[in-house]
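Colleague: here is my input; please provide its structure:
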Amino acid sequence: MGFLNKLFGKKEKESLDQGLQKTKENFLSKITKAVAGKTSIDEEVLDSLEEALVGADVGIDTTVNIISRIEKRVARDKYMSTGELNKMLKEEIEDILIDAPESNSYDFHSELPAKPYIILVVGVNGVGKTTTIGKLAYNFKLAGKSVLLGAADTFRAAAVDQLTIWSERVDVPIVKQPMGSDPAAVAFDTAKSAVSRNSDVVLIDTAGRLHNKAHLMEELGKIKRVIQKTIPDAPHEVLLVLDGSTGQNALEQAKQFTAATDVTALAITKLDGTAKGGVVLAIANQFKIPVKFIGVGEKMEDLLVFDKHEFVDSLFDLEKIG
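Modeller: Numbers count the residues shown, from 1 in each chain. Here you go, the predicted model:
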């Protein structure tokens with residue numbers, strides 16, 4: 001196990017190990033079969049490995065990328081044993097997972113790059129967007145930050161109600177208007193309220209519709225413009241929430257949203273209930289957007305700040321299988 005920093009303690013590591021259990025069993029069993037009975041990395045091993053990665057929802061493009069990197073290393077070092085394959089795979093996978101830029105690097109405990117720090121949360125309905133906002137609010141509050149919620153998904157009564165329930169559960173204030181109100185008006189009120197309350201972090205929910213991309217672009221553009229009237233450099237983060245259990249469908253959603261708005265970070269939810277956690281690699285590689293948070297369980301503490309070293313470490317931890 002890698003060195004655990006103070007922000008990624010034993011409890012977080014256990015949540016991660018447990019949450020990735022199904023993905024790990026799927027992923028590692030396929031890789032183990034790929035190298036069974038082999039002593040060196042030959043073409044057959046690489047073909048089986050390619051099949052194993054695609055089967056673990058890593059995606060074709062990302063798999064081809066990983067395999068070609070490994071081929072180059074094998075060709076360079078001439079003879080490599082299958083025993084070295086896991087180490088090589090870990091290094092290549094970790095390399096694919098990009099880090100957030102320094103200017104946008106934060107976790108629940110660190111000092112935020114701006115105050116109030118405005119996070120616009122986007123994603124289709126059903127991916128766990130509202131729950132993710134609630135869990136983010138809980139974790140930021142737990143770390144001593146003052147949090148404000150903005151209910152700008154005004155087209156769905158349930159969205160405002162759900163966010164209100166979370167605000168009560170976590171005991172943080174919420175800015176909302178009646179269903180059908182202009183989302184930008186809610187965002188404007190939220191930004192003004194954040195300044196007057198001296199809030200540390202602001203989480204604004206937005207409508208989760210993708211059937212009309214032009215309308216989505218227009219709406220998110222308007223929300224950004226009205227926030228900037230109060231806080232010129234906001235929003236500081238556009239966080240796209242994706243459901244990891246949907247595998248390749250999550251990739252398609254990422255494609256649609258990145259085309260519609262400037263997504264700066266990803267939160268990938270529901271990884272605990274799926275064997276498709278390899279999609280984290282596919283999304284990170286294809287869109288070159290950092291994964292900021294991952295959901296690995298039902299509990300409020302089960303939304304973790306993503307740490308690529310610990311993620312890959314857990315993915316390859318054979319001891320934790322069974």
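Colleague: in this protein, which spans are strands?
Modeller: 117-122, 147-151, 174-175, 201-205, 237-243, 265-269, 291-295, 303-305 (DSSP state E).
Colleague: output those strands in TSV, with distance to residue 259 and mean pLDDT appended to each entry.
Modeller: From N, CA and C alone the C-beta is placed, and that goes for glycine too. Converted to TSV, these look like this (distance: least, Cβ to Cβ, whole Å; pLDDT from 0 to 100):
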stretch	distance to residue 259	mean pLDDT
strand 117-122	12	97
strand 147-151	24	98
strand 174-175	29	98
strand 201-205	21	98
strand 237-243	12	95
strand 265-269	15	94
strand 291-295	19	94
strand 303-305	26	93
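Colleague: those strands: which one's closest to residue 69?
Modeller: Closest of the strands of the chain to residue 69 is strand 291-295, at 19.9 Å (criterion: Cβ to Cβ).
Colleague: select, out of the strands of the chain, the one closest to residue 86.
Modeller: Evaluated over those, closeness to residue 86 peaks at strand 291-295, with 22.0 Å, by Cβ to Cβ.
Colleague: and the nearest residue in space to residue 226 that is not next to it in sequence, what pLDDT?
Modeller: Setting aside the residues directly before and after it, residue 226 is nearest to residue 188 in space (Cβ to Cβ, 6 or more residues apart in numbering), at 4.2 Å. On the pLDDT scale, residue 188 is placed at 97.
Colleague: surely residue 188 meets residue 225?
Modeller: No. Contact criterion Cβ atoms under 8 Å: residue 188 and residue 225 do not qualify, at 9.4 Å.
Colleague: which of those two has more neighbours?
Modeller: When residue 188 and residue 225 are compared for neighbours, residue 188 comes out ahead with 22 against 12, by other Cβ atoms under 10 Å.
Colleague: and the gap between the more buried one and residue 237?
Modeller: 18 Å (Cβ to Cβ, to the nearest Å).
Colleague: again, but for residue 45
Modeller: 41 Å.
Colleague: more neighbours, those two?
Modeller: Using other Cβ under 10 Å, the more surrounded residue of residue 45 and residue 237 is residue 237, with 22 against 19.
Colleague: and the more buried one, how close does it get to residue 290?
Modeller: According to Cβ to Cβ, residue 237 stands 10 Å off from residue 290.
Colleague: return every residue with contacts to both of these two.
Modeller: Shared contacts of residue 237 and residue 290 (Cβ atoms under 8 Å, 6 or more residues apart in numbering): residue 265.
Colleague: the closest residue to residue 225 other than its chain neighbours: what's it in contact with?
Modeller: Spatial nearest neighbour of residue 225, excluding adjacent residues (Cβ to Cβ, 6+ apart): residue 184 at 7.6 Å. For residue 184, the contact set (Cβ under 8 Å, 6+ apart) comprises 152, 219, 222-223, 225-226.
Colleague: perfect, I'm done here.
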